[in-house]
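S.K.: One predicted model, sequence on top.
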Amino acid sequence: MHLNLQKPESLFTQLETLCAVLEKAEQMDSAESSVRVSDFDEPLTMKRLTSLCHQCLSIMRQTDAGCRVLAGCCVCEMLRITAPNAPLSSRQLKEYFGLCLEELRRLVKERGNVKEKEGRERREKRHSREVDDGLWEKRNQGSLNMKTCLMESLNQVVDGVDMLNVRVGEIMFACLTRGNRERMTYQLAGDILRLNHLKFQNLVFEYFMQQLNEEDEEKEKKKKNLKKIEGIHLLLIELIRISDELIMAVVPHLMEEINDEDDDIRMISCRIIGRLFSEEFGSPLFSKCEDLWLRWLDRSKDKNISIRMEWVENAIQMYKNHGYLGAKVDVRVSQLINDCEEKVRKRAIECVGNLRWPNSLNIGDEVIEALILRLRDRKSNVRIEAAKSAGKLFKGQEDGSERFKKIVQGIFETFATSDESVAKQFSSLINITLFDIPNEQQMIEISQDKISSKRNRSLVDQWSSIIEAMEDFSCLRVYLSRFKRDYQILWQILSQTDYEKEEGIEKVDEDEKIDEDENEKENDLAHKEFSNPEKIQKSLMKLIKEKDLRILLNPEQPLRRIMKKREEMIERIKDEYQIEIINRMSLITLHPQTLNLLFKKNENLNFFLIVAKEIPNFLNVELFMDFKFIDILACFPVIPFNENFSNLCYSRIKDDIRRVEIEVQTANEDIKEDENIRNAKLVKKMTLVLIRMNDSRINEIFQDCLNNLNNYEMTNLIKTSNDLQINLQIIKILVYNLINSKRNRSDAQPLISIISPILSSSNSNKEFQSFQFKVAKQYLKLEKIQSFQSLIKFKHFSNLCYSSQNENFFVLISALVKSRIISPHYISLLFLYATDKDLSKRVFSFIKRLDSLKDKMALYLCVLIHLLSQNSELNFQNLQKISLFYIDLIMDASNCNFLFEMCNQIKKSRDKLNPDSTNCYIIAEMFQLNIRKKANALGFGVHAYTLPVKLPNSMFIPIEDERVAKKNLLTRFLPEDFEKKKKFKKDDKENQFSN
């Protein structure tokens, strides 16, 4: 490939192509070797690359900006391919680097406000012409490309760096003071430092020192100098990796700036110094820069809020990287946690929480004590943040430390004076067990004081959120057994203490008991009451009416441990009476997880049979609209018939259909769509339950649905019903609605999604095959839709019903042909769309002209063979199956000789789209063998056809030498049985090719 410099209008496209090709090339092994690239007809040699490099260099000296950037990128790729043997001389390399830097300076200069007048004019142009916005983006991308190009070239040719002089620094850092847009130059300088080349590092450092030592006489430019200082300081992180001596030279400037009167300068210096000390390589600076460290510590008491917040972020980062920092840092962090400003307190607490376990061991006790103190902060959001951070600090530790116990004690003490949101935030990160805490008695005393308080009248209102937050079943046990006797009765039933001995289940550890003597008395009392079922039921029903039981059963509360205990409880239960009690409680609160769990534990649906008589009392309108209970019932393949429940479902379905129909008529479009979706889902669930109950009225329900629901709802119902007749009736209605409504093809997509699995199914059941045939017949009626043209129809139809796995395809097509629904000649189109999804425009345009040609049969056969030859996915068995099927449908005594001669002519031709392919010859030979086989079986045989036969020129090219056609077959791998058939006698072969 050579670049045509005489055509500048196409030069940009040429360079784009060259750059894309070079990116794919691998690196050369040596200067004498070559590289093969798929898009090139010849391999890339050093001579060829050198020629391309010279052309790209000449382009970089002239033409427009876009071509210059692309040419530079091409040279960069060629340097990569040939490294370390550059195709350019030292002088040319130096020129190339200089051109790159000049182009980079030019692009940056265009983006910055070098002169106020030019900037104003450019802004006016951008406002007046929208085209400039695209140009602006293009130049931004160009500057990034040049930066990448330059740095990669320097990395590939490290020796070339020595040839650069001080002028590089002038070009590179000429716009350091031009605002945020020149941040790219700082990144470039950082990349150069990472080259680890001493000359460049010294060059950058000298330039920085020169910039820092310059005294700015005009105070008006101070804001711009701030940006310059920040940009220069960003590179100090790179300088420390090179040498400590370099950073020590900059320390005096940092010490002056950190005590500057300007807040912005102090902020920048505080941020940079904090980053230096917090980095992993910054630990030696603590001893070398002690004065700088002390001045930085003083910034924790800065009058500016933002500086204090910045300081604490850097301090916490130091804790992560360097461990314990000493009492001075701990004291200052604790002071910021207790800061007078709410923002500072909250930010400091958040930063401390980000340490997490085990980094939390690095902080001192002063920080922990300050954090506990903030649990009683006057601001609720600070209290919540403190509890959240405390949870993060100790999440993941296995054994409780003294610090953790202090935090927990602070949480408990906060209960008596503040809201429960603190406990929620803390417990969401830490799962604590109350009986593992030494000061458990203090917790109980606080609880009793809180309950007895005059301003706290209800147990549930004050403690339900705490129980939820603690996520601990033992916590619930404390209150159930201590503060209300009915709860103790309920707990004895749920824990099943009487069944533990019989089943061999371990009892609860004695360490978890609050008071052993008191528990024994309560157990004895509970056992007496437990022996009286009527009294237990009365007590439970009383509890059900109160809100207290919702603590245990409310589905809105994520009580994982209660759920775990509930699973253990259900596994132990043997008595149906106790099952009924628990099921009643679960039904009232509508807890889906509990219902599902009970279903799984009762394999014979005992739960359903037990509570069936209570269902009409519980399953009201609101329950049905949420259909939580219906969701669970619909999961079972078989459901015992229940007359009450069936009547309720049936009446609700019919009432809901009528009610929604009336409401939707007066609603707007958005509400109408939501109502339809909700109604369709509800009817689907209920009808599914009735189907699995073997309810005889299910057909009546479907009939009502068909008369009242729209197309969207019917498409959902057809997926629910297992009745083929009902499904066929629904499809007929949907097709009828589509044809009469004169809608376009896109409206038929929901129907196609239903018909697709039906047509593609390979069920060999005769009843299903009959249903499949009727569905296909209905689908082909969609041709009446105006935009549903014949070709599009066959494309969808073949994609739906044809696959190599579907044995019903040939049965289905044969039935359609015999019923004269489709012509046998259209089968070639069916295979066309089924086997070749991405058709070329050439073949597609030829098919459109088929109706205007004389002999359709021959042309359809040509199209079929041509298209089958283009498909590389079909194997020999599939081709054999297709040829036999096609010949059986169309061949008789009148056209047998003509079809045989047509295949003979195809064998003497080549595929025009793929001349090197031998598929046409093989497929035509296969068709001839099957034609001869069928003709011999029918008794009329194959004879010579004397009339001329002409192939379509748009598909086939005549072969000049007929021996090539013979060679094509012999060089192609064929199955053994087919190859045996091909081995005729020598005379027969000559006669065949002579014909």
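M.R.: Looks like it arrived, so ask away. Small disclaimer: the values here were computed from a predicted structure and weren't measured. Numbering: from 1, shown residues only.
S.K.: Low-confidence stretches in the stretch 751-900 of the chain?
M.R.: 782-807, 809-810, 818-820, 823-858, 872-873 (pLDDT under 70).
S.K.: Show me what the helix or strand Glu313 falls within is in contact with.
M.R.: Assigned by DSSP states H and E, Glu313 falls within helix 305-322. For helix 305-322, contacts defined as Cβ atoms under 8 Å, 6 or more residues apart in numbering pick out 263, 266-267, 270-271, 274-275, 277-280, 282-283, 296, 299-302, 325, 329, 332-333, 336, 339, 341, 343-344, 347-348, 351-352, 354-355, 359, 362-363. Any C-beta I mention is one placed from the backbone N, CA and C, and that applies to glycine too.
S.K.: Among these, which lie within helices?
M.R.: Mapping the contacts of helix 305-322 onto helices (DSSP state H) picks out 263, 266-267, 270-271, 274-275, 277-278, 296, 329, 332-333, 336, 343-344, 347-348, 351-352.
S.K.: name the helices or strands packed onto whichever strand or helix holds Val69?
M.R.: Assigned by DSSP H and E, Val69 belongs to helix 65-82. Applying 3 or more Cβ pairs under 8 Å, 6 or more residues apart in numbering; DSSP states H and E, we find helix 65-82 packed against helix 8-24, helix 46-60, helix 90-111, helix 131-156.
S.K.: So which bits of the second one are buried?
M.R.: Same thing as helix 46-60. 46, 48-50, 52-53, 55-57, 59-60 (16 or more other Cβ atoms under 10 Å).
S.K.: packing partners for it?
M.R.: Counting by 3+ Cβ pairs under 8 Å, 6+ apart, helix 46-60 packs on helix 8-24, helix 65-82, helix 90-111.
S.K.: and Asn763, which of those helices is closest to it?
M.R.: With Cβ to Cβ as the criterion, Asn763 lies closest to helix 8-24 of those, at 49.4 Å.
S.K.: Enumerate the positions of that closest one that are buried.
M.R.: Buried residues in helix 8-24 (16+ other Cβ under 10 Å): 11, 14-15, 18-19, 21-22.
S.K.: now, which of these sits nearest Glu95?
M.R.: Distance to Glu95 across these (Cβ to Cβ) is lowest for Leu15, with 18.7 Å.
S.K.: From Gly66, how far out is that closest one?
M.R.: For Leu15, the distance to Gly66 (Cβ to Cβ, to the nearest Å) stands at 8 Å.
S.K.: cool, Leu336 as well?
M.R.: Leu336 is 53 Å from Gly66, by Cβ to Cβ.
S.K.: Compare those two and say which is more crowded by neighbours.
M.R.: Taking neighbours as other Cβ atoms under 10 Å, Leu336 and Gly66 compare with Leu336 leading, 24 against 17.
S.K.: was I right about the more buried one contacting Ser300?
M.R.: Yes - look at Leu336 against Ser300 with Cβ atoms under 8 Å: they come within range, at 6.3 Å.
S.K.: tell me which helix or strand of this structure sits lowest on mean pLDDT?
M.R.: Scoring the helices and strands of the chain by mean pLDDT, DSSP states H and E places helix 497-503 at the bottom, with a mean of 31.
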